[in-house]
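Enquirer: what's the 3D shape of this:
(one chain, ligands or ions: 2)
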Amino acid sequence: MKTVWEKYTGKKLQPVMDFAKDYEAFLSGAKTEREQVRDSIALAKEKGFRPLEKVEKLKAGDKVYVDNRGKSLCLFVIGKRPLEEGLNILGAHVDSPRLDIKQVPLYEDGGSGLAYLDTHYYGGIKKYQWVTQPLALHGVVARKDGSVVDVVIGEDENDPVVGVSDILIHLAATQMKKTAAEAIDGEDLNILVGSIPLKTKDKEMKDLVKANILEILKKKYGMEEDDFLSAELEAVPAGKARDYGLDRSMVFAYGQDDKICAYTSLRAILDIEVPERTACCILVDKEEVGSQGNTGMQSRFFENAIAEMIAKTTDYNDLLVRRALRNSKMLSSDVSAAYEPNFPSVFEPKNSAYMGKGIVFNKYTGARGKSGCNDANAEYIAKLRKVMDDNKVAFQTAELGKVDAGGGGTIAYILANLDMDVIDAGIAVQNMHSCYEVSSKADIYEGYRAYKAFLKDMN
Ligand code: MN
Ligand code: MN
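Expert: Residues are numbered from 1 along each chain as shown. Ligands and ions are numbered 1, 2, ... in the order given. Presented below is the predicted three-dimensional model:
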């Protein structure tokens, strides 16, 4: 099988490896939607991006961003042509499946004297993959005085990690008879956080292990137990993104769905020259739970940003906003399922995505007869083929597995509902939604090149 690796030999290999190294570093430092937005803004500022609200009039070449509540982000490079002629948009999501800490999470198991944090999982996971893993806690605690404390425990080498236990094989006779879906119950994803009781002279005091954990949290973060009520804490696999394979050709990391497309899309918009059509990169939250809410793609925040931009370029008129949306073209930058030689039965080989064969275009996604899909128009795909070929970008087309094997969706249909042309275009990964997903460095680089070519040349 021919792969992209054949073109990246000799001197051409170094940029591929260097890009992946940058990606691994970025991913290791930004595992949640908030951290992704924070670090993306930092990179954008280095390249001259400014908050849209700080700019009075927009002109070609201006670089601006809109930060939506610290959880989603739109970046724009203003093009030479008027906004009403449409934008070239890349849209990726920065949330990933994980275990969210409940609002009232901390308890002590009386019989064992162990303290736990109760969780509610976020997104589609195989629950059995998340036990016996080193987990880190990331997030924020918002206090009543208006201050917000950032929390990261478990990433520094000297930090402790936490985790969810599984029953030993010796006593798993009943569990092993259950289906994989039932082997671990969602309500049982409880994170063990402590076992030392608080030292106190108060003989009446109960739950001393829990009390001791609260003392530690108070010392380190100044938080009280009630502050969990207004916190967003996420348990994610602890540790850094790593090279994978004896030849270091792949990346092994948590959260590559969809931070792999988020990073390549971000780098594409940071690295382009002044484009003809205004370039846009959306990094959005809540895709894994259906894109609802004010930080999800179904929120009006994106349309509002376009309206603000129109108002900063010409006399505001709602029709100009509608036209800008209608004339836009979009790549829904989201991951594809890489063909699995270990599980060939769920793939149809002709219409599968292969690691190392470049960016993947999914004309449609959906399930059970394309239900819920965005089905990209043939004419749009023809234009895309030309942009990719003109820029010598390797691409492949695929479906998400065999017909009726399952299915899935992305943010594609939401933007398409705004009347623009949209297609799913992303990087293939193995182990999607598990604690550690695998991608090809060649595809990461090719994805970045594809996104740049799209921003520059799509008409
Ligand atoms: Mn995704
Ligand atoms: Mn996903």
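Enquirer: make it CA atoms for all contacts and neighbour counts henceforth
Expert: OK.
Enquirer: so for stretch 67-85, mean pLDDT?
Expert: Averaging pLDDT along stretch 67-85 gives 98.
Enquirer: CA atoms of it as CSV?
Expert: C-alpha atoms of stretch 67-85 as CSV (Å, rounded to 0.1, in the frame of the first residue of the first chain):
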residue,chain,number,x,y,z
ASP,A,67,-13.1,33.9,23.3
ASN,A,68,-16.4,32.4,24.3
ARG,A,69,-16.3,31.9,28.1
GLY,A,70,-12.8,30.4,28.0
LYS,A,71,-14.2,27.2,26.5
SER,A,72,-14.5,27.9,22.8
LEU,A,73,-12.7,30.2,20.5
CYS,A,74,-13.0,31.7,17.0
LEU,A,75,-9.9,33.1,15.2
PHE,A,76,-10.1,35.1,12.0
VAL,A,77,-7.6,36.5,9.5
ILE,A,78,-9.4,39.1,7.5
GLY,A,79,-9.2,38.6,3.8
LYS,A,80,-8.9,40.9,0.9
ARG,A,81,-12.5,40.3,-0.3
PRO,A,82,-15.6,41.6,1.6
LEU,A,83,-17.0,39.3,4.3
GLU,A,84,-20.3,38.9,2.6
GLU,A,85,-18.5,36.9,-0.1
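Enquirer: for Pro160, see how far away the residue of the stretch 1-150 of the chain found nearest ligand 1 is.
Expert: Nearest residue of the stretch 1-150 of the chain to ligand 1: His93, at 6.6 Å (C-alpha to the ion). Noted for His93: a distance of 29 Å to Pro160, by C-alpha to C-alpha, to the nearest Å.
Enquirer: okay, the two: which has more neighbours?
Expert: Neighbour count, other C-alpha atoms under 10 Å: between His93 and Pro160, His93 has more, with 32 against 14.
Enquirer: still on that earlier bit, dump the residue contacts of the residue of the stretch 1-150 of the chain closest to ligand 1.
Expert: By C-alpha atoms under 8 Å, 6 or more residues apart in numbering, His93 lies in contact with 257-259, 261-262, 282-287, 333-334.
Enquirer: include pLDDT when you put those residues into TSV, please.
Expert: Listed next are the contacts of His93 as TSV, based on pLDDT from 0 to 100:
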residue	pLDDT
Asp257	98
Asp258	97
Lys259	98
Cys261	98
Ala262	98
Ile282	98
Leu283	98
Val284	98
Asp285	98
Lys286	98
Glu287	98
Ser333	97
Asp334	97
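Enquirer: restricting to the residues you listed, which residues neighbour ligand 1?
Expert: With C-alpha under 5 Å from the ion as the criterion, the contacts of His93 include Asp257, Asp258, Asp334 near ligand 1.
Enquirer: from those residues, pick the one nearest Ala44.
Expert: Nearest to Ala44 among the ones next to ligand 1 among the contacts of His93: Asp258, at 19.0 Å, using C-alpha to C-alpha.
Enquirer: tell me where the stretch 1-150 of the chain has strands.
Expert: 50-51, 63-68, 72-77, 87-93, 98-109, 114-122, 135-142, 148-153 (DSSP state E, counting those that start in this stretch).
Enquirer: any idea which of the ones you listed is most buried?
Expert: strand 87-93 (a mean of 30; mean count of other C-alpha atoms under 10 Å).
Enquirer: got the angle between it and strand 72-77?
Expert: 150 degrees (axes from the mean of the first three to the mean of the last three C-alpha atoms, to 10 degrees).
Enquirer: distance between strand 87-93 and the chain's centre?
Expert: 14 Å (C-alpha atoms, centre = their mean, to the nearest Å).
Enquirer: mind listing the strands it pairs with, and their directions?
Expert: Looking at strand 87-93 with DSSP bridges, its partner strands are strand 278-284 (parallel), strand 329-332 (parallel).
Enquirer: would CSV of those with distance to Asp100 be doable?
Expert: Listed next are the strands paired with strand 87-93 as CSV, based on distance: least, C-alpha to C-alpha, whole Å:
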stretch, distance to Asp100
strand 278-284, 18
strand 329-332, 26
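Enquirer: so which of the ones you listed is the most packed in?
Expert: The most buried one of the strands paired with strand 87-93 (mean count of other C-alpha under 10 Å) is strand 278-284, showing a mean of 28.
Enquirer: for the record, mean pLDDT for the next helix-or-strand element following that one?
Expert: Using DSSP states H and E, the helix or strand that follows strand 278-284 in sequence is helix 301-311. For helix 301-311, mean pLDDT is 98.
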